[in-house]
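Colleague: Make a model of this:
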Amino acid sequence: MKLNKSLLLLLFIFSVSLVRAQSSSELKRKKEAIQREIELLQRNLNKTANNKKLTLGQINALNTKIKLMQDKITVINSEIKNLDNQIHENTNTVITLKGQLNQLKKEYAAMIRFAQRNKNAYDKMMFIFAAKDFNQAYKRIKYLQQFGQYRKKQAGYIQGTQKDLNYKIVVLDKNLKEKSSLLHEQENEKDKLGKNKSQQSAVLSKYSKQEKQYRQDIATRKKQQAQLDRSIRAAIAREIALERKRAEEAARAAAAKAAAAAAAKARAENRPVPAAPVAKPKESSGGYMAATPEAARLSAAFESNRGSLPWPVAAGSITESFGKHKEGQASYDNAGVTIQTAEGAGVRAVFNGKVTKVGNALGRYYILIKHGQFFTVYQNLRSVSVSAGDDVTTKQNIGTVASSGDVPELQFQIYRGTAAQNPAAWIAK
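Modeller: Predicted structure coming up:
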């Protein structure tokens with residue numbers, strides 16, 4: 001019974017430790033991912049450090065970096081909490097194993113004392129021959145044999161428990177060292193965060209001095225962005241109109257074919273020829289005419305990948321989110337997300353589709369890709385490697401990112417028909 005309980009306890013501890021280890025490894029991966037984003041933003045900030053003129057990209061990069069540093073401290077706190085739980089569990093296990101070891105040693109010592117008192121072979125023989133009958137004598141022989149085997153097993157249990165105890169003491173010591181290292185890392189990150197907040201205060205002070213010019217620059221840039229977004233929506237609307245026209249023509253052709261077949265059958269059967277049906281293509285859920293079966297499958301596949309689409313750049317950080325924003329008294333709408341990335345980074349298609357437009361605005365390229373009833377937009381490209389009409393595949397390189405105010409950033413948008421979607425809800429976390 002005691003052995004079974006001990007085994008069940010160790011099995012439970014092992015399963016809990018495995019879950020903790022998985023959780024710790026996830027936290028470690030998350031922390032490393034955050035650190036990569038911080039380093040990327042810092043490289044961009046280092047390149048623009050000597051710029052006298054403040055840009056929106058710089059401010060967004062600094063604000064995002066501070067938020068990421070706070071996120072990293074939160075992850076470290078979670079790691080410390082996990083370790084505290086592990087230390088508590090391992091300490092309890094060490095205490096339990098020590099108690100079991102002491103009990104096993106006491107039982108073993110009692111057996112040894114009993115064996116010492118009865119070590120004389122004459123005494124054993126007397127014990128056997130003193131039996132009332134042959135059956136009892138046989139049982140006494142078996143008892144002596146089992147007693148010897150049990151003593152050997154008990155010695156094995158002691159050795160095994162001692163081994164488990166030594167292992168748990170080593171793990172506990174490792175936990176304590178790891179916690180000490182994390183506490184040191186936490187202090188370093190807090191110190192860095194404090195310095196970055198001081199830098200943020202200096203930037204805001206610089207902003208207040210250049211506020212008028214800064215607001216004018218933002219207003220100009222956002223006006224240009226709004227014009228570009230309108231032209232992209234117009235391009236999408238034209239593509240929808242073409243799709244509707246193609247659907248109407250296909251419906252008319254199908255109706256004419258059906259009417260001709262019905263008329264031929266009526267004449268053959270000497271019946272009046274029925275009136276031709278009015279051709280009406282079906283409306284799709286996207287608000288325009290139903291696409292071809294291939295396009296419908298592409299739409300369904302795109303939608304089924306919501307939350308797991310690859311990023312349009314291999315590495316980057318979202319510095320401006322989707323939706324409404326306010327700068328001073330002015331407010332503006334971001335139809336997508338702004339992603340800061342490395343200088344000269346390649347831009348990738350996030351899903352299979354067809355390039356419907358490659359345009360140029362303000363000395364920068366943009367690409368519109370159709371995925372059934374969905375569209376993805378890639379703005380602020382320095383160069384492009386695809387043309388209108390090209391079929392593209394997931395993660396295919398379609399161009400390179402340009403810099404906005406010396407900061408390399410991509411404006412990425414997703415539309416369902418002409419309705420803008422939040423890309424953060426579609427791309428992988």
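Colleague: The host helix or strand of Ala300: what's the following helix or strand?
Modeller: Per DSSP states H and E: Ala300 is located in helix 293-304. For helix 293-304, the following helix or strand on the C-terminal side (DSSP H and E) is strand 316-320.
Colleague: Who are the packing partners of that following strand?
Modeller: Judged by 3 or more Cβ pairs under 8 Å, 6 or more residues apart in numbering; DSSP states H and E, strand 316-320 is in contact with helix 2-47, helix 56-117, strand 337-341. (Each C-beta comes from the backbone N, C-alpha and C, glycine too.)
Colleague: now the shortest one against helix 56-117, angle please.
Modeller: Relative orientation of strand 337-341 with respect to helix 56-117: 70 degrees, computed using axes from the mean of the first three to the mean of the last three Cα atoms, to 10 degrees.
Colleague: Adjacent strands (with direction) for strand 337-341?
Modeller: Strand 337-341 sits in its sheet next to strand 316-320 (antiparallel), strand 407-416 (antiparallel), going by DSSP bridges.
Colleague: by how many degrees do whichever helix or strand comes after the shortest one and helix 56-117 diverge?
Modeller: Moving toward the C-terminus from strand 316-320, the next helix or strand (DSSP H and E) is strand 323-327. What separates the directions of strand 323-327 and helix 56-117 is an angle of 110 degrees, with the same axes, to 10 degrees.
Colleague: helices or strands next to strand 323-327 in the packing?
Modeller: strand 330-334.
Colleague: So for the strand it packs on, mean pLDDT?
Modeller: Mean pLDDT, computed over strand 330-334, is 74.
Colleague: domain ranges for the protein?
Modeller: Following automatic domain parsing, one gets these domains for the chain: 2-209, 304-425.
Colleague: start to end distance for the last one?
Modeller: Think domain 304-425. Distance across domain 304-425, first residue to last, is 12 Å (Cα to Cα, to the nearest Å).
Colleague: returning to that earlier point: pick the most buried one from the strands paired with strand 337-341.
Modeller: Greatest average neighbour count among the strands paired with strand 337-341 goes to strand 407-416 (a mean of 24), per mean count of other Cβ atoms under 10 Å.
Colleague: Wasn't Asn270 part of a strand?
Modeller: No: per DSSP: H, G, I helix; E, B strand; the rest coil, Asn270 lies outside any strand segment and is coil.
Colleague: Now that Leu176 has come up, it's in contact with Gln86, right?
Modeller: No: Leu176 lies out of contact with Gln86 (Cβ atoms under 8 Å); the separation is 10.1 Å.
Colleague: who has more neighbours, the two?
Modeller: Neighbours were counted for Leu176 and for Gln86 using other Cβ atoms under 10 Å; Gln86 has more, 21 against 14.
Colleague: By mean pLDDT, show me the worst of the domains of the chain.
Modeller: domain 2-209 (a mean of 71).
Colleague: three-state assignment of the closest residue to Tyr378 other than its chain neighbours?
Modeller: Nearest residue to Tyr378 in three dimensions, chain neighbours excluded: Ile367, at 4.6 Å (Cβ to Cβ, 6 or more residues apart in numbering). When classified by three-state DSSP, Ile367 comes out as strand.
Colleague: which of the domains of the chain sits most buried?
Modeller: Taking mean count of other Cβ under 10 Å, domain 304-425 is the most buried of those, at a mean of 19.
Colleague: Could you tell me which residues make contact with the residue nearest to Ile66 when sequence neighbours are not counted?
Modeller: Spatially, and ignoring its direct neighbours in sequence, Ile66 is nearest to Asn196 (5.3 Å; Cβ to Cβ, 6+ apart). Contact analysis of Asn196 by Cβ atoms under 8 Å, 6 or more residues apart in numbering lists 62, 65-66, 69.
Colleague: Out of those residues, the closest to Glu269 would be?
Modeller: Lys65 (79.6 Å; Cβ to Cβ).
Colleague: which residue sits closest to the closest one, ignoring its sequence neighbours?
Modeller: Closest to Lys65 by Cβ to Cβ, 6+ apart is Leu41, at 4.4 Å.
Colleague: The one you found and Ala315, how far apart?
Modeller: To Ala315, Leu41 is 11 Å away according to Cβ to Cβ, to the nearest Å.
Colleague: repeat for Arg267
Modeller: As judged by Cβ to Cβ, Arg267 and Ala315 stand 69 Å apart.
Colleague: Likewise for Lys139?
Modeller: For Lys139, the distance to Ala315 (Cβ to Cβ) stands at 77 Å.
Colleague: likewise Lys192?
Modeller: Where Ala315 is concerned, Lys192 sits at a distance of 21 Å (Cβ to Cβ).
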